[in-house]
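K.L.:
Predicted model, plus sequence, below.
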Amino acid sequence: MIPFLLALYGIVLLYGAAHLGIGPDEAYIIFHSPFYRLLYQLYPNELFLRLPTILVTIANILLLYHLAYRWLGRRDDALLAAILFALLPAILGSAVVINKAPYILFLTLLFLLLYHEDSPLAYPLALIMLFLDNSFAILFLGVGLYNLFQRRFEAIFFVGLFLASIILFGFEIGGKPKNYFLDTFAIFAAIFSPLLFLYFSYTIYRIWVKESKGLLWFVSATAFLFSLLLSFRQRISLIDFAPFAVIGVILMVRTFKHSLRIRLRRYKGRLRFYFALVMALLILNDLALLFNHLLFDHFPSKGAYLYPYYEGELLAQALKRRGISCVWVQGKLQWQLEFYGIGKCLEVRLFTTYRPGTAPIPILYKGRRLATFYVAKSNNH
């Protein structure tokens, strides 16, 4: 069953990746990461460059299935956890664009599997992860708190890794404090989908007050609660917390299945109805992500959240029609244009607002104007 689902999911991801242009953050990674720069030189194609994240995401689903099986003890429960995990908007969305989240999640799941099996390889892997990315600080904190709760000496090791990560990469808490609490809730609602996020919050709270708290709860709850705490002061980064929070799907499946099994048959219908409702909305959310190009066809707008993924290609086409092969523009748009064959030069400058002496370059999608850029020779800007 799992191989069939992974193959089907892979086809879905390939379809989604093939119908989405390169976004600004993706373009920046392509030209600043040696790995992706090499792939770009081999074959400058959107789908080809996104294959690594697709393959790693499929591996993540397999790893989560094995982790869930070891944690839940039943193959049907583990399968449900893997399906739910694969359908999360955050997992689907991060799989079809170039970003670091799938790699962070892969190492996290691998570490949790090794640690759960008491493998000695878990500790050198944690040391390697320390130097790879600052996001693992949350994982180290969660594992450290778990060991502290269990009164194990390993707490010193993982808390030490947490502090070392803070020293190595820094931890930004400066600037003028602002309250982004509601924004953080919106981010987590986007990660899980709204109804599933409500159940995630309930699961974290229920285990906190009623049930034994294991390693997965500490990791997932630390990511969630720590992000809420930080949100009273600053806007949080999705990638710093999502890879650890989504592991909570295993906890949600355990809580749901337990509630279902302890009820009499005549009381199970309502739970199944709620489950079907959550899954239906989750799938609708995923369909909107996968077929965004069809939605964009009908409602093209610069305000659309996926507009940046279309902007670079559309602008490059408009510039080429004007006979412009190179420009200078501020921001990551420069790298998007370079991906689509518009080089960088100082002779022609591109602006997002009108300036005297500039010529308009409208961005059109099927006859509809989405935005207007302005070009000028360098001596006219």
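P.N.:
Everything's here; your move.
K.L.:
residues in contact with residue 213?
P.N.:
Applying C-beta atoms under 8 Å, 6 or more residues apart in numbering to residue 213 gives the contacts 146, 149, 207, 221. C-betas here are computed from N, CA, C, even on glycine.
K.L.:
Show me which of those is closest to residue 313.
P.N.:
Closest approach to residue 313 among the contacts of residue 213 (C-beta to C-beta): residue 221, at 41.3 Å.
K.L.:
Now do the contacts for the closest one.
P.N.:
Counting by C-beta under 8 Å, 6+ apart, residue 221 touches 142, 204, 207-208, 213, 248.
K.L.:
What is the nearest of these to residue 104?
P.N.:
Set against residue 104, the nearest of these by C-beta to C-beta is residue 142 (13.7 Å).
K.L.:
Can you tell me which of the contacts of residue 221 are classed as buried?
P.N.:
Among these, those scoring as buried are 142, 204, 207, 248 (criterion: 16 or more other C-beta atoms under 10 Å).
K.L.:
Make TSV out of those and add pLDDT.
P.N.:
Shown next, in TSV, are the buried ones among the contacts of residue 221 (pLDDT from 0 to 100):
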residue	pLDDT
142	96
204	95
207	94
248	95
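K.L.:
For residue 9, state which of those residues is nearest.
P.N.:
Of all these, residue 9 sits closest to residue 248, with 20.2 Å by C-beta to C-beta.
K.L.:
Go ahead and confirm that closest one touches residue 224.
P.N.:
Yes. When contacts are counted by C-beta atoms under 8 Å, residue 248 is listed as touching residue 224 (7.5 Å).
K.L.:
What ranges does the stretch 51-200 of the chain have for its helices?
P.N.:
Ranges of helices within the stretch 51-200 of the chain are 75-87, 89-95, 101-116, 122-132, 136-149, 154-169, 181-192, 194-210, based on DSSP state H, counting those that start in this stretch.
K.L.:
Just tell me which of these ends up closest to residue 45.
P.N.:
Of the helices of the stretch 51-200 of the chain, nearest to residue 45 by C-beta to C-beta is helix 89-95, at 17.1 Å.
K.L.:
Show the low-confidence segments of the stretch 201-350 of the chain, by residue range.
P.N.:
Filtered on pLDDT under 70, the stretch 201-350 of the chain yields the residue ranges 264, 302-305.
K.L.:
quick one, strands of it?
P.N.:
Ranges of strands within the stretch 201-350 of the chain are 326-328, 343-351, based on DSSP state E, counting those that start in this stretch.
K.L.:
Ok, which of the ones you listed comes nearest residue 76?
P.N.:
Across the strands of the stretch 201-350 of the chain, closest to residue 76 is strand 343-351 (C-beta to C-beta), at 54.7 Å.
K.L.:
Starting from that closest one, tell me the next helix or strand along the chain.
P.N.:
Next in sequence after strand 343-351, counting helices and strands by DSSP states H and E, comes strand 359-365.
K.L.:
returning to what we had before: pick the most deeply packed of the strands of the stretch 201-350 of the chain.
P.N.:
strand 326-328 (a mean of 19; mean count of other C-beta atoms under 10 Å).
K.L.:
what comes into contact with stretch 134-151?
P.N.:
The contact list for stretch 134-151 (C-beta under 8 Å, 6+ apart) reads 100, 104, 107-108, 111, 115, 126, 129-130, 153-155, 157-159, 161-162, 165-166, 168-171, 213-215, 218-223, 226, 239-241, 243-244.
K.L.:
what's near enough to touch residue 157?
P.N.:
Taking C-beta under 8 Å, 6+ apart as the definition, contacts of residue 157 comprise 123, 126, 144.
K.L.:
same thing but at 7 Å, please
P.N.:
Residues counted as contacts of residue 157 (C-beta atoms under 7 Å, 6 or more residues apart in numbering): none.
K.L.:
cool, and residue 253?
P.N.:
72, 77, 80-81, 84.
K.L.:
now, which of those sits nearest residue 17?
P.N.:
For those, the nearest to residue 17 is residue 84 (21.7 Å; C-beta to C-beta).
K.L.:
ok, and the closest non-adjacent residue to the closest one?
P.N.:
Excluding its sequence neighbours, the residue lying closest to residue 84 (C-beta to C-beta, 6 or more residues apart in numbering) is residue 249, at 4.9 Å.
K.L.:
measure that neighbour to residue 101 for me?
P.N.:
Distance, residue 249 to residue 101, by C-beta to C-beta, to the nearest Å: 15 Å.
K.L.:
Equivalent analysis for residue 167, please.
P.N.:
24 Å.
K.L.:
Just want to know which of the two has more residues nearby.
P.N.:
In terms of neighbours (other C-beta atoms under 10 Å), residue 101 is the more surrounded of residue 167 and residue 101; the figures are 24 against 9.
K.L.:
The residue nearest to residue 84: neighbour count?
P.N.:
27.
K.L.:
do residue 259 as well
P.N.:
13.
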